[in-house]
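> okay, predicted coordinates and the sequence, questions at the end:
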Amino acid sequence: FFKQKTAYEIYQCDWSSDVCSSDLDGTTKAGNGANGIEIGNYAASSLHWDYARHPWVGGPTQVAIFNNTISGNGAGVVINSNTQFGSKASAITVSENRIGVSVDGSRLIPNTGPGVLVDSSFDNILEGNTIASSSGIGVRVVGPLSAGNMIKGNRIETTGSSAVVVDSALQTSILGNWVASPGFSAINIIDAIGTVVGSSTSGNTIAAGTTGVSLSGGSLSGTVVSGNQVRNTVAGITVTGGASVSINANSLNSISGDGISLSSTSGGSLIADNTLSSISGKGLKVVAVSGVRLAGNKLTGIGGVGVTIDQSSGVELSAAPGNYAIDLLSSSFTGATTVDSSGSLRLAAASGKVLAFNSDLVFACPTAVLLSGSITSPGYDIAFGDSDTPVVLEADTTVDSGSGDVLFGGAVDGPYSLYVASLGATQFQSLIGANSTVARLETNAGGTVSLIGAIVTGDMILGDDAKVSGTFMSKAGSLKAKGAFNSTEIGRAHV
């Protein structure tokens, strides 16, 4: 091996001892205590090539490390091009090696460090390897000078750390791998711009871990997580920080916590066309995010709330059908917001905050629409379903549509006050307070309101021109009509 030509090959060697021999059985040799194979500027290894001291004449077009057993060492394979030491190793292919296992792959002979470490090196390919470890990371790519590296088609199983860690690197591709890391994040991306985790034709299979794919840090722009199968993890896919992250067309199953979570993420992120099933926690969780679109996701078998959006701005929820609960909390929404679910829908704004929409709203949830706080969509229509959509007040509630119309299709209940501000038409198509008396009801001046009956504890103030019918009762307050009052169809009023 290492001939003076443009391609260099290291093959069919047992690097579980200080000897290179293709006829060793690879099951009984003790490791050297240092690293297995190093290309770069480290010095302690079974095989070491120092490019800084001994550069290849003319520069190699490819170095290949393939079909070796590299076990029982410190790190398995190290590719180091850290310019601090003057090394320039890059474009290395590491393929079809057994790293951290016996030569037949049947027994664990772990390296104590990473199976493969790529440090400040670019355009390397890690493909078709079997990598196992009980203590170290499976594959680690680190450093801002690490760019364009590919991790493809490997089987990586670790029990002491993550299977794959990409830290501060650029444009790393992680495609078609089988990974498992019980107790740790299986694929862990930290401050790495432009990372690709899976694709429509080459997704990863993630079989175990506390988190299937974890993205964190301020530098995540252009990162795509797509086409992966995540199962038997505590959390599915989590994103903390960063901007312009895309999570699409992934399949998540048998997750004991939350499915897909975004927090503290800004600017143009996307959660689309994912399939989630058998999720014990929340399906989609978006908290403190600025600028995200949710579209085309399919959720079944959700144990907790299907979709939770809180403390976020610029959220576009194209559609959220399903038989799960949906919580839209203290956030601002853009684009068309439609919720058509057989589960309950909670619209709630915390004290001093607003749940704001900037589009026509349609909420059709036969179970219930749960309201609290201030809910606004100035200039747009707000429709709380039809007669099959009951509305329950969970706290004092304000609904403000500006010049738009407001429709309450089903009964309105709950021991709290309801204030509706609309310069358009406000319609209550079912009885107010039939099942649980409403504390207070008020509509503003400037539009029209129609009611077919209401039972309240306190005052009922109709600031709009009102058309009423049915029974009206205030147990301890008054009925005030400040505009025109058409009561030709009224049955009785108790004040």
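Yes, it's here. Values in this document were obtained by computation on a predicted structure and should not be read as measured data.
> quick check: next helix or strand after the helix-or-strand element of the chain with minimal mean pLDDT?
Using mean pLDDT, DSSP states H and E, strand 45-49 stands out as the lowest-scoring helix or strand of the chain, at a mean of 44. Downstream of strand 45-49, the next assigned helix or strand under DSSP states H and E is strand 62-66.
> now that following strand - C-alpha only, PDB.
In PDB, the C-alpha atoms belonging to strand 62-66 read as follows (Å, rounded to 0.1, in the frame of the first residue of the first chain):
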ATOM      1  CA  GLN A  62      -7.900   9.900  -4.000                       C
ATOM      2  CA  VAL A  63      -6.900   7.900  -0.900                       C
ATOM      3  CA  ALA A  64      -9.000   4.800  -0.100                       C
ATOM      4  CA  ILE A  65      -9.200   3.000   3.200                       C
ATOM      5  CA  PHE A  66     -11.400   0.000   2.600                       C
END
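> the helix or strand just after it - contacts with which helices or strands?
Where DSSP H and E defines the elements, the next helix or strand beyond strand 62-66 is strand 69-70. Contact analysis of strand 69-70 by 3 or more Cβ pairs under 8 Å, 6 or more residues apart in numbering; DSSP states H and E lists strand 98-99 as its packing neighbours. Yep, even glycine has a C-beta here, placed from its N, CA and C like the rest.
> the strand it packs on pairs with which strands, and in what direction?
strand 69-70 (parallel), strand 130-133 (parallel) (DSSP bridges).
> buried ones in the strand or helix carrying V292?
For V292, the host element (DSSP H and E) is strand 290-295. Under the neighbour-count criterion of 16 or more other Cβ atoms under 10 Å, strand 290-295 has S290, G291, V292, R293, L294 buried.
> tell me the most buried of the strands paired with strand 98-99?
Mean neighbour count, computed with mean count of other Cβ atoms under 10 Å, is highest for strand 69-70 among those, reaching a mean of 31.
> and it, average pLDDT?
Mean pLDDT, strand 69-70: 91.
> past it, which element shows up next along the chain?
Using DSSP H and E, the first helix or strand after strand 69-70 is strand 77-80.
> report all helices and strands that that following strand contacts.
Using 3+ Cβ pairs under 8 Å, 6+ apart: strand 77-80 touches strand 35-39, strand 92-95, strand 116-119.
> quick revisit: turn the strands paired with strand 98-99 into a markdown table, including distance to L423.
Output for these, formatted as a markdown table (distance: least, Cβ to Cβ, whole Å):
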| stretch | distance to L423 |
| --- | --- |
| strand 69-70 | 74 |
| strand 130-133 | 65 |
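> give me the low-pLDDT residue ranges for the stretch 351-495 of the chain?
484-495 (pLDDT under 70).
> one more time with 80, if that's ok
364-366, 385, 481-495 (pLDDT under 80).
> what does the stretch 201-350 of the chain give?
318-322, 335-338, 340-341.
> S351 contacts D396, doesn't it?
No - S351 is beyond contact range of D396, at 9.8 Å (criterion: Cβ atoms under 8 Å).
> for S403, list the residues it contacts.
For S403, the contacting residues are P378, G379, S422, L423, G424, by Cβ atoms under 8 Å, 6 or more residues apart in numbering.
> arrange those in TSV, one row each, with neighbour count and distance to W178 as further columns.
As requested, those are exported to TSV (neighbours: other Cβ atoms under 10 Å; distance: Cβ to Cβ, whole Å):
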residue	neighbour count	distance to W178
P378	14	51
G379	14	52
S422	24	56
L423	18	59
G424	19	57
